[in-house]
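Student: fold the following for me, if possible:
(one chain, ligands or ions: 1)
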Amino acid sequence: MANYEGPLPRPDKDSEPYWEGTRRHELLLQQCSACRRFRFYPRSLCPFCFSDGFDWRAATGRGSVYSFTVVHRAPSPAFRDKVPYVLALIELEEGVRMMSNVVDCDPARVRIGMPVVVVFDAVTDEITLPKFKPAPGTPP
Ligand SMILES: [Zn+2]
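Tutor: Here you go, the predicted structure:
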């Protein structure tokens, strides 16, 4: 954990509750108080109706692979020992999409539409990254 060299998010006033959530192994999403839609990434105004009212809600952590690529050439030395890895756009049940990794899975098995569940990777004391693994019962 202390040797993590990858890029790290810098929590700000909008995203700090999200990163506190991942540290507790909770995936929190903002839900607009006016139109009730979920949004990601965290921000102060709803991108659909511009309301500034929202609540933090715990996502189910279930979703599916919307799109993905398998990275074979490390984009920086920090990723040298991680290739090949799966960079994926995950669509959560709540309707939002987030960029993440599919882990605990042979990259050759990943498919668009594959059901996934969130897992939490504490890469530093401050930052826990949400990643996704195949949902239980997914055929190999
Ligand atoms: Zn709204």
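
Student: ok, the lengthiest strand in the chain: who's next to it in the sheet?
Tutor: Longest strand in the chain by number of residues (criterion: DSSP state E): strand 62-71. Partners of strand 62-71 in the sheet, by DSSP bridges, are strand 85-92 (antiparallel), strand 115-122 (antiparallel).

Student: out of those strands, which comes closest to residue 27?
Tutor: Residue 27 lies closest, by C-beta to C-beta, to one member of these: strand 115-122, at 5.3 Å. (Glycine included, C-beta is placed from N, CA and C.)

Student: in CSV, list the strands paired with strand 62-71 along with mean pLDDT, distance to the ion and mean neighbour count.
Tutor: CSV is the format used below for the strands paired with strand 62-71 (pLDDT from 0 to 100; distance: least, C-beta to the ion, whole Å; neighbours: other C-beta atoms under 10 Å):
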stretch, mean pLDDT, distance to the ion, mean neighbour count
strand 85-92, 98, 17, 20
strand 115-122, 98, 24, 17
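
Student: dump those into TSV; add distance to residue 107 as well.
Tutor: Formatted as TSV, the strands paired with strand 62-71 follow (distance: least, C-beta to C-beta, whole Å):
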stretch	distance to residue 107
strand 85-92	5
strand 115-122	14
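
Student: that older thread, how much distance is there from the longest strand of the chain to the middle of the chain?
Tutor: 11 Å (C-alpha atoms, centre = their mean, to the nearest Å).

Student: give me the contact list for it.
Tutor: Outside strand 62-71, the residues within contact range by C-beta atoms under 8 Å, 6 or more residues apart in numbering are 79, 83-93, 97, 102, 107-108, 110-118, 132, 135.

Student: pLDDT on that strand, on average?
Tutor: Averaged across strand 62-71, pLDDT comes to 98.

Student: can you mark which positions in it are buried?
Tutor: Under the neighbour-count criterion of 16 or more other C-beta atoms under 10 Å, strand 62-71 has 62-65, 68, 71 buried.
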